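Visitor: this one's structure only:
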């Protein structure tokens, strides 16, 4: 019994160490605060902060075609928020609606729905979750989601010249978004 | 890159908010489900438990219940390996390592991922020397419960949003160390059993410089303090063989305060969940083997939680005690 018990223990430890030792999966054990964002060349097209945002065109939930640079032409900036209608998204969107949007009337805010797949379903979700007051783009085949290397809650700020400004990252508490929008020309 | 932090939220269910698992015996064996507790006078214990968790909508930040999008079917399976070892007559240590499978159909999308979850190391002090289970109360001392005081360290061995993951399908952990203080009071006056568990946990602040594989401007993040309270009440039936069947019901309240980002409150991290449970445990006469089946239910009603998925959890577990 003694040896069997220790055999099980050793097996468990080896298994756990082996699995956690996989490349890139131990970063949480020793987190780094180093800024490792890659250097980018201004004026190039890409998804990093400081680059020119790649253009795209999507339908909104009302069936209208919306192009990024067309929207930028009549606003001081565009904010994209990638949503999948989940608890954290709901918290972010609620904060966006109450704390951000009213204070920046010249900025265009879009929810980007990358999960529902059709305009009809996306509109249904928008209504069900109570966000018909925020324009929602339907990323039917996740083209924009992949183009911007987004994830759930990713927030992208693009100024009127098409530059990605400070943010292509998680919404978090919205403070960085507000600071970024306040600094827009 | 689908599911991203929703996946994290699901994993949160696995790692942080799962109810007391189907662990082993109480002081006499076959007791209520609480934590990985080694019975008195035994040397060690191995426990294996399979959690099957089904997701059914969520509570929003106001506590209102919302359905998942049409066509959604979200499930998580966790295989928990546990080992407890007696260090001294009143001291015991334990380790729990989960392995997590996610199987999700969300709207028109599907994903299947797996990986190691966050592990837990525990150290428990037993504030008693003799068996505290009694058949009859003859003296006030017979009413004294078995009291356990424990510390548990959650180690982020899982794959979190801050790891070098190529996409969010890989996420199986929260990415934070957490230290819990636990108090368990357990009393059996045959055939009845009652236990109270209170746990208070504090996450350690950490640096973040990457989200889902993309490097971002570094910041510091801390999750909010976590509180768990569970009350369990059970009845033990002795079979002719002197094996026992224990039937228990539990109520749990879990909550996590708002965390912080660079010292500011994190609006997305405050959570709450209430759940009820039914547990059936079968124990052999000598209490060496304990088999448990539990069902933990969260009610899909507004006011029963906040900012968290509504889930049902079916758990199958077996433990073996080495004397």
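Guide: On my side now, so go ahead. Not measured: the values here are computed from a predicted model. Numbers count the residues shown, from 1 in each chain, chains lettered A, B, ... in the order given.
Visitor: hey, let's count contacts and neighbours off CA atoms from now on
Guide: OK.
Visitor: Can you tell me the centre-most residue of chain A?
Guide: Central residue check for chain A by CA atoms, centre = their mean: the C-alpha nearest the mean position is that of residue A:154, 1.2 Å away.
Visitor: Now that one. Nearest residue, chain neighbours left out?
Guide: Counting by CA to CA, 6 or more residues apart in numbering or on different chains, residue A:170 is the residue found nearest to residue A:154 once chain neighbours are left out, at 4.4 Å.
Visitor: Give me the spatial nearest neighbour of residue B:59, chain neighbours excluded.
Guide: Distance criterion CA to CA, 6+ apart; nearest residue to residue B:59, sequence neighbours excluded, is residue B:65 at 4.4 Å.
Visitor: Measure how buried the one you found is and give me the count.
Guide: When counting by other CA atoms under 10 Å in any protein chain shown, one arrives at 24 neighbours for residue B:65.
Visitor: Residue A:133 now?
Guide: Residue A:133 has 9 neighbours, counted by other CA under 10 Å.
Visitor: And the pLDDT at it?
Guide: According to the predicted model, the pLDDT of residue A:133 comes to 96.
Visitor: what's the answer for residue A:15, then?
Guide: Taken from the predicted model, the pLDDT recorded for residue A:15 is 54.
Visitor: Next: the one 5 residues further on.
Guide: Note for residue A:20: predicted pLDDT of 49.
Visitor: Also the one 3 residues further on?
Guide: For residue A:23, the model assigns a pLDDT of 47.
Visitor: Can you pull the residues of the stretch 51-200 of chain B lying near chain A?
Guide: By CA under 8 Å from any CA of the partner chain, the part of the stretch 51-200 of chain B that sits against chain A consists of B:58-61, B:66, B:68-69, B:81, B:83, B:97, B:106-109, B:116, B:155-160, B:162-165, B:168, B:175-176.
Visitor: go with 6 Å
Guide: Within reach of chain A by CA under 6 Å from any CA of the partner chain, the stretch 51-200 of chain B has these residues: B:60, B:61, B:107, B:156, B:157, B:159, B:163, B:164, B:175.
Visitor: Reformat those residues into a markdown table and put pLDDT next to each item.
Guide: As requested, those are arranged in a markdown table below (pLDDT from 0 to 100):
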| residue | pLDDT |
| --- | --- |
| B:60 | 88 |
| B:61 | 85 |
| B:107 | 78 |
| B:156 | 95 |
| B:157 | 94 |
| B:159 | 86 |
| B:163 | 86 |
| B:164 | 79 |
| B:175 | 94 |
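Visitor: ok, so of those, who is nearest residue A:32?
Guide: Of all these, residue A:32 sits closest to residue B:163, with 10.5 Å by CA to CA.
Visitor: doesn't the closest one fall inside a helix?
Guide: No - with DSSP: H, G, I helix; E, B strand; the rest coil as the criterion, residue B:163 is located in coil rather than a helix.
Visitor: my read: it touches residue A:29, true?
Guide: No - in terms of CA atoms under 6 Å, residue B:163 does not count as a neighbour of residue A:29; the distance is 9.8 Å.
Visitor: now residue B:141, what's its secondary structure?
Guide: Under the three-state scheme (three-state DSSP), residue B:141 adopts helix.
Visitor: What's the separation between it and residue B:232?
Guide: 22 Å (CA to CA, to the nearest Å).
Visitor: Just the pLDDT for residue B:102.
Guide: Per-residue pLDDT puts residue B:102 at 87.
Visitor: follow-up on the earlier one: which residues touch the residue nearest to the centre of chain A?
Guide: Residue A:154 sits next to A:81, A:82, A:169, A:170 when contact means CA atoms under 6 Å, 6 or more residues apart in numbering or on different chains.
Visitor: cool, residue A:139 as well?
Guide: A:113, A:114.
Visitor: What confidence value was assigned to the nearest residue to residue B:189 once chain neighbours are set aside?
Guide: In space, and not counting its chain neighbours, residue B:189 is closest to residue B:134: 5.0 Å by CA to CA, 6+ apart. According to the model's per-residue confidence, residue B:134 sits at a pLDDT of 90.
Visitor: Residue B:134: neighbour count?
Guide: 16.
Visitor: What distance do you get for it to residue B:187?
Guide: Residue B:134 is 9 Å from residue B:187, by CA to CA.
Visitor: What are the boundaries of the strands in chain A?
Guide: A:57-60, A:65-67, A:77-83, A:107-113, A:136-138, A:154-159, A:164-170 (DSSP state E).
Visitor: Determine which stretch of these is the most buried.
Guide: Highest mean neighbour count among the strands of chain A (mean count of other CA atoms under 10 Å in any protein chain shown): strand A:136-138, with a mean of 27.
Visitor: next one: it to chain centre, how far?
Guide: 14 Å (CA atoms, centre = their mean, to the nearest Å).
Visitor: Pull up the pairing partners for that strand, direction included.
Guide: Taking DSSP bridges as the criterion, strand A:136-138 sits next to strand A:57-60 (antiparallel), strand A:107-113 (parallel) in its sheet.
Visitor: quick one on the thing from earlier: which one of residue B:141 and residue B:232 is surrounded by more residues?
Guide: Legend: neighbour count by other CA under 10 Å for residue B:141 and residue B:232, higher for residue B:232 (23 against 9).
Visitor: shouldn't that one be in contact with residue B:197?
Guide: No - distance between residue B:232 and residue B:197: 8.5 Å, which falls outside the contact criterion (CA under 6 Å).
Visitor: Least confident secondary structure element in chain B?
Guide: Across the helices and strands of chain B, the lowest-confidence element by mean pLDDT, DSSP states H and E is helix B:4-15, at a mean of 37.
Visitor: and if you look at chain A?
Guide: helix A:2-20 (a mean of 53).
Visitor: what stretches of the chain score poorly on pLDDT?
Guide: Picked chain A for this. A:1-26 (pLDDT under 70).
Visitor: my question was about chain B
Guide: Scanning chain B with the threshold set as pLDDT under 70 gives B:1-35, B:166-170.
Visitor: Tell me the residue in it that is farthest from the middle.
Guide: Residue of chain B lying farthest from the centroid, by CA atoms, centre = their mean: residue B:138 (35.9 Å).
Visitor: what does chain A have sitting close to chain B?
Guide: Contact residues, chain A versus chain B (CA under 6 Å from any CA): A:20, A:24-25, A:27-28, A:31-33, A:35, A:37, A:87-88, A:91, A:116, A:151-152, A:173.
Visitor: which of these count as buried?
Guide: Buried by 16 or more other CA atoms under 10 Å in any protein chain shown: A:20, A:25, A:27-28, A:31-32, A:87-88, A:91, A:116, A:151-152, A:173, out of the residues of chain A next to chain B.
Visitor: Let's have those in TSV, adding distance to residue A:51.
Guide: Written out in TSV, the entries for these read as follows (distance: CA to CA, whole Å):
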residue	distance to residue A:51
A:20	36
A:25	29
A:27	28
A:28	29
A:31	28
A:32	25
A:87	31
A:88	28
A:91	29
A:116	29
A:151	19
A:152	21
A:173	24
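Visitor: Which of these sits closest to residue B:73?
Guide: residue A:116 (13.8 Å).
Visitor: My guess is residue A:37 contacts residue B:215. True?
Guide: Yes - counting by CA under 6 Å, residue B:215 is a contact partner of residue A:37 at 5.1 Å.
Visitor: hang on, the earlier thing: what's the closest of the residues of the stretch 51-200 of chain B next to chain A to residue B:286?
Guide: Nearest to residue B:286 among these, counting by CA to CA, is residue B:157 at 35.6 Å.
Visitor: Now do the contacts for the residue nearest to residue B:153 when sequence neighbours are not counted.
Guide: In this structure, residue B:153 finds its nearest non-sequential neighbour in residue B:179, 4.6 Å apart by CA to CA, 6+ apart. Taking CA under 6 Å, 6+ apart, we find residue B:179 in contact with B:152, B:153, B:201, B:202.
Visitor: now with 10 Å?
Guide: The neighbours of residue B:179, taking CA atoms under 10 Å, 6 or more residues apart in numbering or on different chains as the test, are B:120-122, B:151-155, B:200-204, B:225-226.
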